[in-house]
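> Pasting the sequence and the predicted model now:
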Amino acid sequence: MACLFCRIAAGEIPAQKLYEDELSLAFADIHPQAPTHFLVIPKQHIDSLSQATAADKGLLGHLTQVATELAAKQNLAKGFRVVINTGPDGGQTVDHLHLHVLGGRAMHWPPG
């Protein structure tokens, strides 16, 4: 199993876990870009958002709901940003679908 996030989900690599259920795992980003920065991943390996299929609709909804619930628990009532980098030009550096949840400061637009 070579995928970094699959190895984290399997417990082979430690992570600061914030949430886990049968479908997903959330953990702190090791290179935070905001005071609060965590990732939400599916335990099922999907390379990127562009590789998700119609069969993954429920899972994608679940991931966004987990992100929303965790943002509330992380006291991000003033707002937060959810980012899904997709592909090399989209800034994706780990080939496993993941949601970045960032908050704790004002987010600016355009993001960059």
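Perfect, thanks for sending it.
> Tell me the secondary structure at T93.
Local secondary structure at T93 is given as coil here, using DSSP: H, G, I helix; E, B strand; the rest coil.
> you'd agree it is up against N85?
Yes. A contact is recorded between T93 and N85 when judged using C-beta atoms under 8 Å, the distance being 7.5 Å. All C-beta spots, glycine's among them, are computed from the backbone N, C-alpha and C.
> Looking at the two, which has the bigger crowd around it?
Higher neighbour count among T93 and N85: N85, with 17 against 9, using other C-beta atoms under 10 Å.
> show me where the protein has helices.
Per DSSP state H, the chain has helices spanning 4-9, 57-73. These are given in chain order.
> winner for burial among those helices?
Burial of the helices of the chain is given as mean neighbour count (mean count of other C-beta atoms under 10 Å); helix 4-9 ranks first at a mean of 18.
> Give me the residues contacting that one.
The contact list for helix 4-9 (C-beta atoms under 8 Å, 6 or more residues apart in numbering) reads 1, 13-15, 25, 27, 41, 43, 45, 94, 96, 98.
> where in the protein is pLDDT low?
In the predicted model, the chain carries pLDDT under 70 at residues 1, 112.
> list the contacts for the residue nearest to F27 when sequence neighbours are not counted?
Beyond its immediate neighbours in the sequence, the residue positioned closest to F27 (C-beta to C-beta, 6 or more residues apart in numbering) is A15, lying 3.9 Å away. Residues near A15 by C-beta under 8 Å, 6+ apart: 8, 25, 27-28.
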